[in-house]
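pasted the sequence and its predicted model underneath.
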Amino acid sequence: MRRRSFLRAALATSAAALAPAVQAQTPAVASREYYQLRKYTLRSGPQGKLVDQFFSSALIPALNRLGFSPIGVFRVTFGPQTPTVYVMIPGSNLETLVNVDLLLSQDSEFLKAAGPFWNAPAKEPPFERIESTLLKAFEGWPKLQVPASTAQNGKRIFHLRTYESPTPGDHARKVEMFHQGEFKIFQRSGCGQVFYGDALIGPNLPKLTYMLTFPDIDALNAGWDRFFADPDWKKLSADQRYSFEAIVSNVDSLVLSPAPYSQI
């Protein structure tokens with residue numbers, strides 16, 4: 001009974017507590033982006049070259065023509081299911097984003113460039129499966145931020161993290177934690193912040209996904225050490241609103257390397 005009473009009180013005050021933090025850190029809600037995050041599970045072997053050709057010469061140029069930019073293409077460096085490629089497609093127009101494959105099928109220039117990939121024989125497919133998740137940017141981080149090193153194709157890695165929660169209420173509180181301090185703690189810790197998204201459609205809901213960037217793996221480890229040692233993180237994570245039960249039930253943590261043609 002005591003736990004249920006606390007849960008009701010926490011949920012009742014969540015929105016009120018979140019609103020001031022959001023208003024202080026973000027422009028109008030209408031400016032929030034949507035993201036389609038695609039996961040391509042590939043096969044080892046010669047088809048990898050065909051996949052790179054498709055992304056660099058067909059998909060990215062066509063998406064740019066549709067107004068989607070920047071497009072990120074990342075290979076899993078540390079994590080399960082390799083070889084795997086993630087493709088990040090940000091956009092402000094939701095209808096265009098969810099209909100992107102239909103629009104691509106009407107682009108003659110794309111179809112010509114994509115032919116070897118799209119029309120590969122069934123016995124030699126270029127990938128095993130494609131999994132897609134639709135996300136909406138957090139209010140406190142409404143736009144994807146491209147690392148400064150991308151313009152020079154500089155050395156960089158990315159940390160893609162997904163938090164699944166046991167209930168919608170737990171998920172809402174985890175999103176709230178970012179707005180109540182995690183953005184600033186990441187900044188102080190030297191963690192480059194790329195995007196934060198709340199999953200609207202996809203597997204294993206409810207969940208959120210975000211991406212950090214670092215020059216290399218040593219910088220990644222050092223950044224996380226500083227994050228966990230930060231007094232504000234210790235205070236936030238000990239707050240009874242977030243610590244009375246486990247509000248994250250599973251964490252998917254991947255280290256990614258950008259493809260040479262990635263725009264992120």
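Cool, got the structure. Since we're looking at a predicted model, the values are computed, not measured.

what's the distance between Ser56 and Leu42?
15 Å (C-beta to C-beta, to the nearest Å). Every C-beta, even on glycine, is put in place using the N, C-alpha and C of the backbone.

between the two, which one's more packed in?
Leu42 (21 against 16; other C-beta atoms under 10 Å).

pLDDT score assigned to the more buried one?
pLDDT, Leu42: 91.

not counting its neighbours along the chain, what's nearest it?
Residue nearest to Leu42 in three dimensions, not counting chain neighbours: Pro83, with 4.4 Å by C-beta to C-beta, 6 or more residues apart in numbering.

ok, that neighbour touching Arg75?
Yes. Using C-beta atoms under 8 Å, Pro83 is in contact with Arg75, at 6.9 Å.

of all the residues in stretch 55-72, which ones are buried?
55-63, 66, 68-72 (16 or more other C-beta atoms under 10 Å).

out of those residues, which are inside helices?
60-63 (DSSP state H).

kindly indicate which of those residues lies nearest Ser243.
Using C-beta to C-beta, Leu63 comes nearest to Ser243 of those, at 41.6 Å.

hmm, the closest one is touching Val73, no?
No. At 10.7 Å, Leu63 and Val73 do not qualify as touching, with contact defined as C-beta under 8 Å.

tally up the residues packed near Gly154, please.
Residues lying near Gly154 (other C-beta under 10 Å) number 11.

what sits against it?
Listed by C-beta atoms under 8 Å, 6 or more residues apart in numbering, the contact partners of Gly154 are 147-148.

so which strand or helix has it?
Assigned by DSSP states H and E, Gly154 belongs to no helix or strand.
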